[in-house]
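Asker: quick one, fold the following:
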Amino acid sequence: MNVIKLSLPLKKEDLINLKAGDLVELSGPMLVFRDAGHKRLFESIKNNNQAFDYVGETIYFMGPCPAKDNEVIGSAGPTTSCRMDKYTPFMLDSGLVAQIGKGKRDQDCIDAFKRNNCVYFAAIGGAGAIYQKSIKSAKVLCFEDLGTEAIRRIVVESFPCIVAIDTNGNCIYD
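Answerer: This next block holds a predicted model:
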C-alpha cells in the first residue's frame with residue numbers, strides 16, 4: 001500500500017483526495033494539546049482573550065512523558081480523542097484543519113469534518129516510542145503551568161498515521 005507524504009501546515013486541497021484508510025506520513029509543525037489545554041483555550045476564547053490562533057493548524061492529542069537527557073520529548077503516544085469531541089465542531093468551524101488522536105468520534109464531529117473539508121487522522125495507541133522518534137523539536141506555546149498538558153508546537157518528520165475520517169465523512173470505525 002502506498003504511503004501519502006504530506007507537509008504541514010496542511011491546505012484544504014491536500015485533504016480533498018484523501019480517503020478513510022489511507023496511510024499518511026506528516027512532516028512539519030503541528031500543535032499538541034489535550035483535555036486541560038482545550039479547557040484553558042476555551043476559557044480564553046470565552047473571555048475574549050484567545051491565547052493563540054489555531055487557524056490552519058493540525059492538533060495532535062497527546063500529553064508527552066517528560067523528556068530524559070538528550071531527548072527532545074518523552075514518549076509521545078496519542079490520547080483518546082472522544083474527550084475532545086465537545087470542542088471539535090467549534091474548532092473546525094473556526095479554522096482548524098486536522099486532528100490526530102485515537103479512537104472513534106461522535107456524529108457531530110464527523111459532520112464537522114465533512115462540513116469543513118477537514119480530516120481526522122488516527123495514530124496508533126501504544127506506539128509512543130515510535131512517535132517520539134518522529135518529533136524533531138518541541139516548544140511550549142502557552143499554559144506552561146499545565147505541565148505535560150501545556151500547549152506545544154512540535155515539528156515532526158515522517159509522522160505515521162491513518163486517515164480515520166475523510167472530507168466526505170467516511171470513517172474507518174464504521
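
Asker: show me where pLDDT drops low in the chain?
Answerer: Along the chain, segments meeting pLDDT under 70 span 1.

Asker: contact partners of the host helix or strand of A36?
Answerer: Assigned by DSSP states H and E, A36 falls within helix 35-46. Contacts of helix 35-46 from elsewhere in the structure, counted by C-beta atoms under 8 Å, 6 or more residues apart in numbering, are 33, 50-52, 54, 79, 83-84, 87, 143, 146, 149-151. No exception for glycine: its C-beta is placed from N, CA and C like everyone else's.

Asker: most widely separated two among those residues?
Answerer: When C-beta to C-beta is used, the two most widely separated members of the contacts of helix 35-46 are Q50 and T79, lying 23.0 Å apart.

Asker: which one's more surrounded, the two?
Answerer: With neighbours defined as other C-beta atoms under 10 Å, Q50 and T79 compare such that T79 has more, 20 against 13.

Asker: enumerate every residue touching that one.
Answerer: 34-35, 61-63, 101-102.

Asker: now it. Its backbone dihedrals?
Answerer: Comment: the main-chain dihedrals of T79 come out as phi -110, psi 160, following degrees, to the nearest 10.

Asker: so F121 sits in a strand?
Answerer: Yes - when DSSP: H, G, I helix; E, B strand; the rest coil is applied, F121 is found to be in a strand.

Asker: okay, now it: neighbour count?
Answerer: Counted by other C-beta under 10 Å, the residues lying close to F121 total 25.
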